[in-house]
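Chemist: just a sequence and a predicted model for now, questions to come.
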Amino acid sequence: MSCEELFKRMGFECARREGGVYVINTPLSFPDGEPISLYFVERENSVLVSDNSNTLVHLRSIGIDVSDRKKWRGMRQIISSFGLTLGDSGEVTGGALLKGAHNLVARYLGAMLAIGDMEREHMGLSDEMAHFLDEVELHLKAWRPDDALTYRPEIRGHSGRTHTFHFQLGEEVIDAAKPHSVRTGSILRKAADLQNSSSPLQVMVVMDDRDDPERAKAETDILSTLVKVLPFSRLSRNLSGSSSRAH
């Protein structure tokens with residue numbers, strides 16, 4: 001296997017554009033599954049990295065208010081701590097001499113992961129969510145043991161954007177969710193983009209309804225207008241492998 005094939009299997013993608021611009025998709029992602037990418041511009045003796053303003057677009061898509069530059073303060077502080085700049089246009093950029101390209105990319109990715117931590121705080125994600133994903137994985141395997149379970153499948157939607165889900169089980173892609181309006185909106189956007197494509201896959205959400213059943217029901221009612229929703233309490237009753245019906 002060549003290094004190029006290895007990097008592709010690891011989830012890295014690279015496409016060259018005009019003017020020495022490379023668009024690089026990485027296997028890293030924000031907490032909602034949106035891939036982290038960068039634009040790499042090669043000049044005579046230097047390099048530039050940019051997010052093409054995609055980070056602000058992403059934060060807006062999950063419900064964070066970035067309509068006013070004054071509200072960029074938290075993001076700007078994070079970006080600047082990695083030696084990068086958040087410009088007035090909303091673009092994150094950084095530059096270095098050619099020999100420092102590797103360090104520049106490392107700082108850029110570190111900044112994006114730090115933005116992801118900020119997003120987790122906004123969405124209420126934590127170690128608790130990681131534990132919930134482990135629980136969902138265990139129960140999905142027990143519920144449908146004959147179906148192969150794939151982790152973090154990447155599916156291209158009608159818009160051309162690639163969406164990441166937590167699991168794929170048979171012909172269904174699955175996201176696990178705590179009841180939160182921001183998370184609901186993010187899932188609906190992904191689902192709509194996928195349903196408008198030619199993909200035969202169906203979207204299902206496993207909703208954690210244990211701590212706040214009323215809020216979980218409210219978010220389930222919204223989600224079920226477009227996707228299947230399976231309450232975790234119902235899934236957990238199917239360890240024997242018997243069938244369960246989604247909402």
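Modeler: Perfect, thanks for sending it.
Chemist: point to the residue nearest the middle of the protein.
Modeler: By C-alpha atoms, centre = their mean, the chain has its centre lying nearest to Gly33, at 1.3 Å.
Chemist: angles on the backbone of that one, please.
Modeler: For Gly33, the backbone dihedrals are phi 100, psi -10 (criterion: degrees, to the nearest 10).
Chemist: give me every residue that touches it.
Modeler: Arg152, His163, Thr164, Phe165, His166, Asp175, Lys190 (C-beta atoms under 8 Å, 6 or more residues apart in numbering). C-betas here are computed from N, CA, C, even on glycine.
Chemist: and Leu56, by the same measure?
Modeler: Leu56 neighbours (C-beta under 8 Å, 6+ apart): Val66, Trp72, Met75, Gly90.
Chemist: neighbour-wise, which of those residues leads?
Modeler: Met75 (21 neighbours; other C-beta atoms under 10 Å).
Chemist: double-check that it belongs to a helix.
Modeler: Yes. Met75: assigned to a helix according to DSSP: H, G, I helix; E, B strand; the rest coil.
Chemist: contacts only, for Lys190.
Modeler: Here Lys190 is in contact with Gly33, Gly157, His163, Phe165, Asp175, Val203 (C-beta under 8 Å, 6+ apart).
Chemist: next, format those residues as JSON lines and append distance to Leu235 and pLDDT.
Modeler: Formatted as JSON lines, the contacts of Lys190 follow (distance: C-beta to C-beta, whole Å; pLDDT from 0 to 100):
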{"residue": "Gly33", "distance to Leu235": "20", "pLDDT": "76"}
{"residue": "Gly157", "distance to Leu235": "26", "pLDDT": "85"}
{"residue": "His163", "distance to Leu235": "22", "pLDDT": "79"}
{"residue": "Phe165", "distance to Leu235": "16", "pLDDT": "86"}
{"residue": "Asp175", "distance to Leu235": "13", "pLDDT": "93"}
{"residue": "Val203", "distance to Leu235": "16", "pLDDT": "95"}
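Chemist: among those, which pair sits farthest apart?
Modeler: Greatest spacing in the contacts of Lys190, by C-beta to C-beta: Gly157 and Asp175 (14.0 Å).
Chemist: these two: who's more crowded?
Modeler: Neighbours per residue (other C-beta under 10 Å) separate Gly157 from Asp175, with Asp175 holding more: 25 against 18.
Chemist: now do the SS call for the more buried one.
Modeler: strand.
Chemist: show me what the least confident helix or strand in the chain by mean pLDDT is packed against.
Modeler: Between all helices and strands in the chain, the lowest mean by mean pLDDT, DSSP states H and E belongs to strand 162-164, at a mean of 77. If you count contacts as 3 or more C-beta pairs under 8 Å, 6 or more residues apart in numbering; DSSP states H and E, strand 162-164 packs onto strand 154-156, helix 181-195.
Chemist: any idea of the mean pLDDT in the helix or strand following that strand?
Modeler: Next along the chain after strand 162-164, taking DSSP states H and E as the criterion, comes strand 167-169. Averaging the model's pLDDT scores along strand 167-169 yields 93.
Chemist: how far off centre is strand 167-169?
Modeler: 15 Å (C-alpha atoms, centre = their mean, to the nearest Å).
Chemist: cool, stretch 149-164 as well?
Modeler: 10 Å.
Chemist: which helix or strand contains Leu28?
Modeler: Taking DSSP H and E as the criterion, the element that holds Leu28 is strand 21-29.
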